[in-house]
Structures are given as structure tokens and as C-alpha cells.
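> Turn this into a structure:
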Amino acid sequence: MPTTTIAGHEVEVNEEGFLTKPDQWTEDLAPELAKLIGLELTDAHWQLIRFLREDYKAQGETATLRRASTQSGVPVKELFVLFPKKPAKKMAYVSGLPKPKGCV
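Modelled structure (predicted):
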């Protein structure tokens, strides 16, 4: 796997730039990952990032958009506002998690 340096951390990534080892993620990586896709993180973003990280630990896979919405209590429309165009993919990317299944 290729490696890259983000926020001073050397991390392994796949061809799309997703971290391949979620345990390499730290909270100081999230703002840098967000900048790479044109986002600036707010408290609402952090709520979802922390939810996704905890859910990944419990479920062993990245939550789909529907699961993220129903389990976090954030409406799907709001997810599209926070992470425009491809919210599930962008949430996973910033959270240092694999792209959700079914995501193109």
C-alpha cells in the first residue's frame, strides 16, 4: 500500500486516498483530510465523525448513509449539507475509515 504524510503523520492509503488502517487515524488528521476535499469542520461534523468511529469499532464496517442517519439522529438532508454530493464517502474519508459498502 502507498503511504503519504498528512498533518505530520505517515499513513497508509489506497488508490482513492482512504486510510487503509483506521487505527492510524487521529483527531488532528481529520481537519487536514477535510481540507483535501474542501470542507472546514464544525461541531456538527465532529459529532458525525465520532459517531462513525465508534460505530465502526462496534460493527466492524463503515456505516452506510442510512445507518449514519438513523443511528446518529442526523437527517439525511443534513448529512448532504455537511458533506455535499457524496456524504457517506466523504464522512468515511474524513473519519479515516474504509469507504462504505455500496459506495461508488
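> Which stretches in the protein count as strands?
Along the chain, the segments classed as strands by DSSP state E run 3-6, 9-12.
> Where is the longest helix in the protein?
helix 43-59 (DSSP state H).
> What residues of that one count as buried?
His45, Leu48, Ile49, Phe51, Leu52, Arg53, Asp55, Tyr56 (16 or more other CB atoms under 10 Å). The C-beta positions use only the backbone N, C-alpha and C, and glycine is treated the same way.
> residues of the least confident helix or strand in the chain by mean pLDDT that come out buried?
Here the helix or strand of the chain ranked lowest by mean pLDDT, DSSP states H and E is strand 3-6, holding a mean of 87. For strand 3-6, a neighbour-count test (16+ other CB under 10 Å) marks Ile6 as buried.
> Counting by contacts, list what it packs against.
strand 9-12, helix 29-36 (3 or more CB pairs under 8 Å, 6 or more residues apart in numbering; DSSP states H and E).
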